[in-house]
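Peer 1: Return atomic coordinates for the entry below.
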Amino acid sequence: MNQPTGRKPLPKLSKSSFNAGLQCLKRLYLESFHRELVPPVDEAQQAVFDAGTRIGELARDLYPGGTLLEQDHLHINDAIAETKKIIAGPPVAAIYEGGFLFDDVRVRVDILPRTARGRHDLIEVKSTTSVKEEHIPDVAIQLYVLEGAGVKVGRACLAHLNKEYVYPGGDYDLRQLFAIEDVTAKAEEYLPSIPAALKEMRLALAGAQPPQVRPGRQCANPHDCPLVDYCQEGRTGHPVVQLPRASQSLLALLESAGIEDIRDIYAGFAGLNQLQRRVRDCVVNNRAYLNPAIRRELAGLEHPVHFLDFESFNPALPLYPGTRPYQVIPFQWSDHVMGPGGKLAHREFLHDGSSDPREPLARSLLKTLGRSGSIVVYSGFEETRIRELSEALPHLAKDLLALLDGRIVDLHPLVRDNCYHPDFHGSFSLKAVLPALVPELGYGDLDITNGQEASLAYAEMIDQATPDSRRQEIRADLLSYCGRDTEAMVRLVDTLRGA
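Peer 2: Okay, here's the model as predicted:
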């Protein structure tokens, strides 16, 4: 890594870099001086950003008649200069994306509506459905800069989506779509800690080398760090963070003992629960564990055995009347059906068009699952969706709930409680379990390889701007992916039965 030269004065901080520094000083350093190490934004993250942008634009209409600063992040100094002129000029109803500088920290404020006696409210817009702990430093650093820059702030508020809002159709009722919470007291309580935090960040940035920070829970708290793969490169193949349900206290205990790798945990180490001890034993001895009880459980499957998987999406802004922000909407299912002689059949459903997919999906599901046979799933996702469908479609509720009456067999807890392989690396997801136990079957030949990609693909497929040829391509990819999931469960059950 080439070390930065000529770094004085230190780079100005921003709201995002301040939050990065709170998460990890090493992340702050690398993102400041080695942007080439930061991987490009992937499609899923870009979709999150795009949704946030759309929500931020909608929130401005809560405070109409304002002035928008359109300079991008590369021209923030221009935005700061223009904002100063606006503040000093004739009063405007609100400023959108205003730029401010104080103590070498630059921020852009989502909405700054003018209130009585020359004051302004600070409105930070989030695409979440509640105020989260990590939002308070976000608001506080803006309050710190605004007050330092001479702006009189009345209230510091967070505008987020209202999870109780039920979309009736047509235009959104913004006063119902958004909830605005006053977090002034919490932000002011945080303010005294900011100078010390800034000092610590600048001290880290002044170093010739990145700060030495071990990978740990901070790598995914409060958000996944984009540099986690870089920081893990060359390190242990079985880090202790892969212990299932590892608490912060357990990780601290392991760190104090100088243990970074599961293979270095000695037998009888205090603090491990039964599952963690099993994981430790499998990794240390490089062998798999299989409780014969799982075979007895699987021997009880009733034919015809249905291997069922749903795909869904959860748009931040509701698309269908009667739905809420981020409500999970199933749009596809795959069902591999095994008869008494082991013969397999495959059935599938994928909703076409921009209409609400739930009723067509539910009716087709009832038809394929019939009234008998085990329904094998991996996790409680499908059961939860079926219960939600019964609530949304009361005229089908009796038949939908009957599917859950003793027919569901969830492979996830069966595998978690009875099986472990070192190649699981602490995860019991199907994507982790399958390559370890059924290595010849994977997802590498598919264009869609996980549920998140499937959600994004469906959103693109139903977008009216998507060309028909692209829609057909996505449709084929979605059918292949969902079908692979249920085929994977069939193969997994065969493997566990015969192991």
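Peer 1: from memory Pro91 sits against Thr115, does it?
Peer 2: No: using CB atoms under 8 Å as the test, Pro91 is too far from Thr115 to be in contact (10.5 Å). (Each C-beta comes from the backbone N, C-alpha and C, glycine too.)
Peer 1: more crowded one of these two?
Peer 2: Using other CB atoms under 10 Å as the criterion, Pro91 and Thr115 rank with Thr115 on top: 14 against 8.
Peer 1: which residues does that one contact?
Peer 2: Residues near Thr115 by CB atoms under 8 Å, 6 or more residues apart in numbering: Asp121, Gly154, Arg155.
Peer 1: What pLDDT is listed against it?
Peer 2: Listed pLDDT for Thr115 reads 92.
Peer 1: quick one, phi psi at it?
Peer 2: The phi/psi pair for Thr115 (degrees, to the nearest 10) reads phi -120, psi -160.
Peer 1: Next: the one 3 residues further on.
Peer 2: Dihedral angles of Gly118 (phi, psi; degrees, to the nearest 10) stand at phi 70, psi 10.
Peer 1: picking up where we left off before, now, which of the contacts of Thr115 sits nearest Ala457?
Peer 2: Asp121 (39.9 Å; CB to CB).
Peer 1: Now the closest one. Nearest residue, chain neighbours left out?
Peer 2: Once flanking residues are discounted, Asp121 sits nearest to Arg155: 4.7 Å by CB to CB, 6 or more residues apart in numbering.
Peer 1: partner strands of the helix or strand harbouring the one you found, parallel or antiparallel?
Peer 2: Per DSSP states H and E: Arg155 is located in strand 153-161. Using DSSP bridges, strand 153-161 pairs in its sheet with strand 120-125 (parallel), strand 178-182 (antiparallel).
Peer 1: how far is it from where the chain is centred?
Peer 2: Chain-centre distance of strand 153-161: 24 Å, with CA atoms, centre = their mean, to the nearest Å.
Peer 1: Can you give the contact residues for that strand?
Peer 2: With contacts defined as CB under 8 Å, 6+ apart, strand 153-161 is touched by 55, 59, 62, 110-111, 115-116, 119-131, 135, 139-140, 142-143, 146-147, 177-184, 187-188, 316, 325-326.
Peer 1: now swap in stretch 86-98 and tell me
Peer 2: Here stretch 86-98 has contacts from 60, 63-70, 79, 83, 108-114, 120, 151, using CB under 8 Å, 6+ apart.
Peer 1: Any buried residues in the longest helix along the chain, and which?
Peer 2: What stands out as the longest helix in the chain, according to DSSP state H, is helix 468-498. Using 16 or more other CB atoms under 10 Å as the test for burial, helix 468-498 gives 474-475, 477-479, 481-493, 496.
Peer 1: out of the strands paired with strand 153-161, which comes closest to Gln23?
Peer 2: For Gln23, the closest of the strands paired with strand 153-161 is strand 120-125, at 17.9 Å, according to CB to CB.
Peer 1: the strands in this protein, which residues?
Peer 2: Counting by DSSP state E, one finds strands in the chain at the ranges 13-14, 67-68, 94-102, 105-113, 120-125, 153-161, 178-182, 289-290, 305-313, 329-338, 344-350, 375-377, 408-410, 419-420.
Peer 1: other SSEs contacting the last one?
Peer 2: With contacts defined as 3 or more CB pairs under 8 Å, 6 or more residues apart in numbering; DSSP states H and E, the packing partners of strand 419-420 are helix 274-285, strand 289-290.
Peer 1: I'd like the distance from the shortest one to the chain centre, please.
Peer 2: Spelled out, that is strand 289-290. 31 Å.
Peer 1: neighbouring strands for it, and are they parallel or not?
Peer 2: strand 419-420 (antiparallel).
Peer 1: that older thread, just the buried residues out of the contacts of stretch 86-98, in PyMOL syntax.
Peer 2: Here is the PyMOL selection string for the buried members of the contacts of stretch 86-98, based on 16+ other CB under 10 Å:
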select buried, resi 60+63+66+67+69+79+83+108+109+110+111+112+113+114+120+151
